[in-house]
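Q: Sequence first, then the predicted structure:
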Amino acid sequence: TMIFRTEMGLIAAQRRADTKVNFKKLKELIGVSELALAGEEDLAQLGAEYGVVPLVGLPMPYFVDNKVLERKNIYGGSGEKLFALTLPSKELARVNNATVGDFAEVDKTAGQKRRVYGGMRPTGFLHIGNYLGSAKGMIELQNRSDFECFYQVVLYHGITTPYHPETYKKNIKSVFLDYL
């Protein structure tokens with residue numbers, strides 16, 4: 001679900017993940033001349049944030065691209081970071097009283113390499129939990145030809161839990177070297 005700002009207010013547009021919005025077609029479908037992605041303040045007023053926008057239930061007009069209906073089920077946000085929803089695709093338009101139209105185009109780059117960005121917290125020497133929980137999967141992805149992987153030691157994420165500054169500095173170097 002993508003939230004847009006128009007001269008008539010906010011609207012929700014729903015498309016398949018392998019498509020891109022054609023802004024000209026969406027403007028025509030909605031009947032507006034101005035269309036821009038909603039900002040953080042707009043999303044906050046809805047109780048949402050980037051990446052955590054629900055599939056259903058927002059107080060605004062919904063527009064569903066007709067390619068969504070080509071799939072049996074759809075998967076998307078619930079409005080909560082830890083949960084997702086699965087719905088029969090035909091129900092999405094009905095539940096949201098949405099207008100169905102043609103405003104998205106299949107992304108021709110969708111079959112190309114996918115990018116993975118991953119980070120590890122510098123919590124100390126690596127152990128079996130680190131290996132099974134993240135390193136093993138990272139290695140498997142980087143060895144596949146259809147993925148381009150970028151991994152880092154995430155420094156600021158590590159300070160979200162209690163830490164000792166001197167130990168933390170050593171852990172950064174330790175984790176970096178262990179992953180190499």
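A: Cool, got the structure. No experiment lies behind these values; they were computed from the predicted model shown.
Q: any idea how far Phe150 lies from Glu140?
A: 15 Å (Cβ to Cβ, to the nearest Å). Heads up, the C-betas are built off the backbone N, CA and C, glycines and all.
Q: How about the contacts made by Gln142?
A: Contact analysis of Gln142 by Cβ atoms under 8 Å, 6 or more residues apart in numbering lists 149, 151.
Q: Mind doing that once more with 7 Å?
A: Cys149 (Cβ atoms under 7 Å, 6 or more residues apart in numbering).
Q: measure it to Leu69 for me?
A: Taking Cβ to Cβ, one finds Gln142 at 36 Å from Leu69.
Q: Likewise for Met120?
A: 40 Å.
Q: More neighbours: these two, which one.
A: Met120 (21 against 16; other Cβ atoms under 10 Å).
Q: Quickly list what the more buried one is bridged to.
A: Val153 (DSSP bridges).
Q: so it touches Leu155, yeah?
A: No. If you go by Cβ atoms under 7 Å, Met120 and Leu155 don't touch, sitting 10.5 Å apart.
Q: biggest helix in this structure by residues?
A: helix 165-179 (DSSP state H).
Q: what's near enough to touch Ser33?
A: Counting by Cβ under 7 Å, 6+ apart, Ser33 has contacts 7, 27.
Q: how about it, secondary structure?
A: coil (DSSP: H, G, I helix; E, B strand; the rest coil).
Q: what's the distance between it and Lys20?
A: 21 Å.
Q: same thing with Arg94?
A: Taken as Cβ to Cβ, the span from Arg94 to Lys20 is 25 Å.
Q: neighbour-wise, which of those two wins?
A: Lys20 (14 against 11).
Q: Contact partners for the closest residue to the more buried one other than its chain neighbours?
A: Nearest non-adjacent residue to Lys20, counting by Cβ to Cβ, 6 or more residues apart in numbering: Asp107, 5.0 Å away. When contacts are counted by Cβ under 7 Å, 6+ apart, Asp107 touches 18-20.
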